[in-house]
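Enquirer: heads up, no residue letters with this:
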């Protein structure tokens with residue numbers, strides 16, 4: 001091969017490499033929720049520089065004699081409009097300095113969060129109308145008690161700021177791990193970083209004093225663009241600045257901002273659930289029963305496990321369906337222990353699988369746990385604290401249009417094992433048709449919506465009325481795999497040495513240092529094991545069991 005031909009081939013390879021580089025994201029994010037460093041430091045009174053990714057940089061308007069505002073916008077490629085953005089950065093305020101502004105992309109528009117002596121939230125529009133936190137046009141923002149004490153931020157201290165906008169529009173602003181405020185966003189319009197001629201901005205100077213300037217600056221933001229603006233300051237000395245700015249978002253970064261109408265999705269997005277073959281007669285029968293109950297009886301809730309932070313959520317599919325599993329991610333919570341970061345329910349309907357919404361912001365690898373054929377989820381055994389640390393799933397088989405308590409299995413443990421004792425969150429053999437709980441950046445708590453004409457906690461009945469049905473020899477199989485025998489006598493004795501009592505409307509077997517609550521459903525006896533007794537009824541159940549009658553005991 002001669003030198004001329006080699007030279008031609010080299011040029012072709014170089015040209016192809018250049019085109020491919022232009023078409024690919026710069027530093028692609030392997031996981032959709034992994035964080036990316038945007039810049040290490042951005043100071044007031046200087047044009048921003050030294051960015052770790054492509055960004056449109058600029059200096060901004062003055063503020064009532066103060067100057068030196070600066071900011072940046074990160075362009076978006078293939079925006080996943082149903083997902084979230086999470087800003088995390090350090091902020092240090094100068095004594096004379098204003099605060100800062102955060103720009104979140106949301107659907108086809110933007111949300112501007114202004115933080116100074118208070119918090120203002122604007123859902124798009126001209127920046128000149130927003131200014132440095134104009135209360136006119138802002139949402140009514142209710143600060144937490146801790147947030148009221150924290151603002152305005154003290155000068156010359158470095159604060160850690162986190163602002164998260166979830167797929168459902170839940171905005172949460174935290175400073176130093178303390179929730180300052182949260183707001184529900186439903187709609188937003190695009191932001192234009194410009195000031196109308198002849199106008200005066202809130203907290204600033206007139207339009208002709210200073211405005212947005214920068215190399216290749218374009219005032220109209222596109223859907224998916226997001227950024228930060230550092231407020232101006234007066235004088236010299238220690239300047240206010242951003243430090244270690246990170247962005248976790250469900251889109252990739254590119255050297256060229258592409259239209260948000262792109263139909264392709266990032267490879268890191270979990271695949272959509274596949275349709276299953278035609279349901280079995282047992283599953284069709286169960287779904288028919290669920291449909292009837294949804295039309296004729298109120299939907300009930302089980303107990304909820306987890307913490308009390310975040311905002312409430314409830315998810316019930318539009319069509320009759322039963323819960324068959326979850327997609328979930330995990331993350332290390334404060335203190336270093338593993339927790340369930342996000343959870344997405346998987347339902348089965350007459351059409352096949354249905355993927356629900358994500359609750360909590362995904363992080364890391366998306367994992368999946370799904371029931372075997374003809375099995376459905378009937379509960380979880382969880383360990384919780386301020387969040388849902390981890391759990392195992394309980395599955396029960398559908399048979400003849402109902403669930404069979406004789407055919408139960410459990411999953412391996414999912415997530416971490418921190419938090420308190422194991423807590424049962426389950427139904428009395430009824431199908432789960434939806435979920436509810438609390439969410440923010442993480443999954444804070446979870447409970448289930450149940451299709452059952454019976455209450456999730458059966459109405460209290462006197463022990464004397466139920467005793468004839470309880471008398472007998474029962475074998476209890478617990479979810480931890482152990483088995484025990486419970487022989488209940490007409491004298492209310494259990495296994496000769498223990499006793500059956502009625503307390504607070506519940507029927508209990510009382511042992512030396514533990515108790516068990518009995519729930520009779522048809523001919524099946526559900527057993528919840530509590531330890532210690534002194535915590536009852538506010539304690540957490542550690543183990544659940546299903547008891548089957550071995551033989552009748554003569555009265």
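Expert: Received, thanks. Remember, it's a predicted structure, so these values are computed and weren't measured experimentally. Numbers count the residues shown, from 1 in each chain.
Enquirer: And the helices in this protein, which stretches?
Expert: With DSSP state H as the criterion, the chain has helices at 3-23, 127-130, 145-150, 281-296, 463-470.
Enquirer: got the buried residues for the fourth one?
Expert: Translated: helix 281-296. 282-283, 285-287, 289-291, 293-294 (16 or more other CB atoms under 10 Å). All C-beta atoms are positioned from the backbone trio N, CA, C, and that covers glycine.
Enquirer: Now do residue 46 against residue 64, distance only.
Expert: From residue 46 across to residue 64, the span is 20 Å (CB to CB, to the nearest Å).
Enquirer: And residue 214, by the same measure?
Expert: 22 Å.
Enquirer: Which one of the two is surrounded by more residues?
Expert: residue 214 (18 against 13; other CB atoms under 10 Å).
Enquirer: The more buried one against residue 59, yeah?
Expert: Yes. Applying CB atoms under 8 Å, one finds residue 214 in contact with residue 59, separated by 6.5 Å.
Enquirer: so what's in contact with those two at the same time?
Expert: Taking CB atoms under 8 Å, 6 or more residues apart in numbering as the criterion, residue 214 and residue 59 both touch residue 47.
Enquirer: mean pLDDT lowest for which of the helices of the chain?
Expert: The weakest mean pLDDT among these belongs to helix 3-23, with a mean of 44.
Enquirer: buried residues in stretch 310-325?
Expert: 310-311, 313, 315, 317, 320-325.
Enquirer: can you give me the strands for the stretch 451-555 of the chain?
Expert: Secondary structure of the stretch 451-555 of the chain (DSSP state E, counting those that start in this stretch): strands located at 472-478, 483-488, 493-494, 498-503, 506-510, 515-521, 524-530, 541-551.
Enquirer: what's the answer for the stretch 251-400 of the chain, then?
Expert: Applying DSSP E, counting those that start in this stretch to the stretch 251-400 of the chain gives strands spanning 300-301, 305-306, 311-315, 321-332, 338-349, 352-355, 367-370, 375-384, 388-399.
Enquirer: which helices and strands does the third one pack with?
Expert: Using 3 or more CB pairs under 8 Å, 6 or more residues apart in numbering; DSSP states H and E, the elements in contact with strand 311-315 are strand 432-439.
Enquirer: now for the strand it packs on, which elements pack on it?
Expert: Using 3+ CB pairs under 8 Å, 6+ apart, strand 432-439 is in contact with strand 311-315, strand 321-332, strand 338-349, strand 375-384, strand 443-450.
Enquirer: what is the rounded mean pLDDT of the third one?
Expert: Across strand 338-349, pLDDT averages out at 94.
Enquirer: From the contact counts, what lies against that strand?
Expert: Judged by 3+ CB pairs under 8 Å, 6+ apart, the packing partners of strand 338-349 are helix 281-296, strand 321-332, strand 352-355, strand 388-399, strand 414-415, strand 432-439, strand 443-450.
Enquirer: mind putting the buried residues of stretch 310-325 in JSON lines, pLDDT and distance to residue 116 included?
Expert: Converted to JSON lines, the buried residues of stretch 310-325 look like this (pLDDT from 0 to 100; distance: CB to CB, whole Å):
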{"residue": "310", "pLDDT": "82", "distance to residue 116": "26"}
{"residue": "311", "pLDDT": "84", "distance to residue 116": "24"}
{"residue": "313", "pLDDT": "90", "distance to residue 116": "31"}
{"residue": "315", "pLDDT": "92", "distance to residue 116": "36"}
{"residue": "317", "pLDDT": "92", "distance to residue 116": "43"}
{"residue": "320", "pLDDT": "92", "distance to residue 116": "50"}
{"residue": "321", "pLDDT": "95", "distance to residue 116": "47"}
{"residue": "322", "pLDDT": "96", "distance to residue 116": "50"}
{"residue": "323", "pLDDT": "97", "distance to residue 116": "45"}
{"residue": "324", "pLDDT": "96", "distance to residue 116": "49"}
{"residue": "325", "pLDDT": "96", "distance to residue 116": "46"}
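Enquirer: so who does residue 50 touch?
Expert: By CB under 8 Å, 6+ apart, the contact list for residue 50 reads 39-41.
Enquirer: Need the strands of the stretch 251-400 of the chain in a markdown table (columns: distance to residue 223).
Expert: Output for the strands of the stretch 251-400 of the chain, formatted as a markdown table (distance: least, CB to CB, whole Å):
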| stretch | distance to residue 223 |
| --- | --- |
| strand 300-301 | 37 |
| strand 305-306 | 34 |
| strand 311-315 | 25 |
| strand 321-332 | 26 |
| strand 338-349 | 24 |
| strand 352-355 | 24 |
| strand 367-370 | 30 |
| strand 375-384 | 37 |
| strand 388-399 | 33 |
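Enquirer: For residue 493, which of those strands is the nearest?
Expert: Nearest to residue 493 among the strands of the stretch 251-400 of the chain is strand 375-384 (29.7 Å), distances taken as CB to CB.
Enquirer: that older thread, mind giving me CSV with the helices and strands packed on strand 432-439 and columns for distance to residue 191?
Expert: Formatted as CSV, these follow (distance: least, CB to CB, whole Å):
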stretch, distance to residue 191
strand 311-315, 25
strand 321-332, 30
strand 338-349, 28
strand 375-384, 39
strand 443-450, 31
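Enquirer: and stretch 178-187, what's its mean pLDDT?
Expert: For stretch 178-187, the mean per-residue pLDDT is 90.
Enquirer: ugh, wrong one, stretch 71-83
Expert: 63.
Enquirer: Equivalent analysis for stretch 39-49, please.
Expert: 89.
Enquirer: how about it: buried residues?
Expert: Those would be 39, 42-45, 48, for stretch 39-49 by 16+ other CB under 10 Å.
Enquirer: same question, stretch 97-117
Expert: Under the neighbour-count criterion of 16+ other CB under 10 Å, stretch 97-117 has 97-116 buried.
Enquirer: what's the domain layout of the chain?
Expert: 25-249, 281-450, 463-551 (automatic domain parsing).
Enquirer: For the residue nearest to residue 309 when sequence neighbours are not counted, the count of nearby residues, please.
Expert: In space, and not counting its chain neighbours, residue 309 is closest to residue 444: 5.0 Å by CB to CB, 6 or more residues apart in numbering. As a burial measure, residue 444 scores 26 neighbours (other CB under 10 Å).
Enquirer: Please name the residues that touch residue 444.
Expert: Taking CB under 8 Å, 6+ apart as the contact definition, residue 444 lies against 306-310, 360, 386-388, 437-438.
Enquirer: Could you pull up the residues touching the most centrally placed residue in the chain?
Expert: Compute the mean C-alpha point of the chain, and by CA atoms, centre = their mean the closest residue is residue 360, 0.6 Å away. Shown in contact with residue 360 (CB under 8 Å, 6+ apart): 329, 340-343, 439-444.
Enquirer: Output those residues in a markdown table; the columns should cover distance to residue 430.
Expert: Output for these, formatted as a markdown table (distance: CB to CB, whole Å):
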| residue | distance to residue 430 |
| --- | --- |
| 329 | 28 |
| 340 | 24 |
| 341 | 29 |
| 342 | 26 |
| 343 | 21 |
| 439 | 24 |
| 440 | 29 |
| 441 | 32 |
| 442 | 28 |
| 443 | 23 |
| 444 | 25 |
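Enquirer: for those residues, which one is nearest residue 86?
Expert: Distances from residue 86 to the contacts of residue 360, taken as CB to CB, are shortest for residue 441 (7.2 Å).
Enquirer: so can I have JSON lines of the contacts of residue 50 showing distance to residue 197?
Expert: As requested, these are exported to JSON lines (distance: CB to CB, whole Å):
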{"residue": "39", "distance to residue 197": "32"}
{"residue": "40", "distance to residue 197": "37"}
{"residue": "41", "distance to residue 197": "34"}
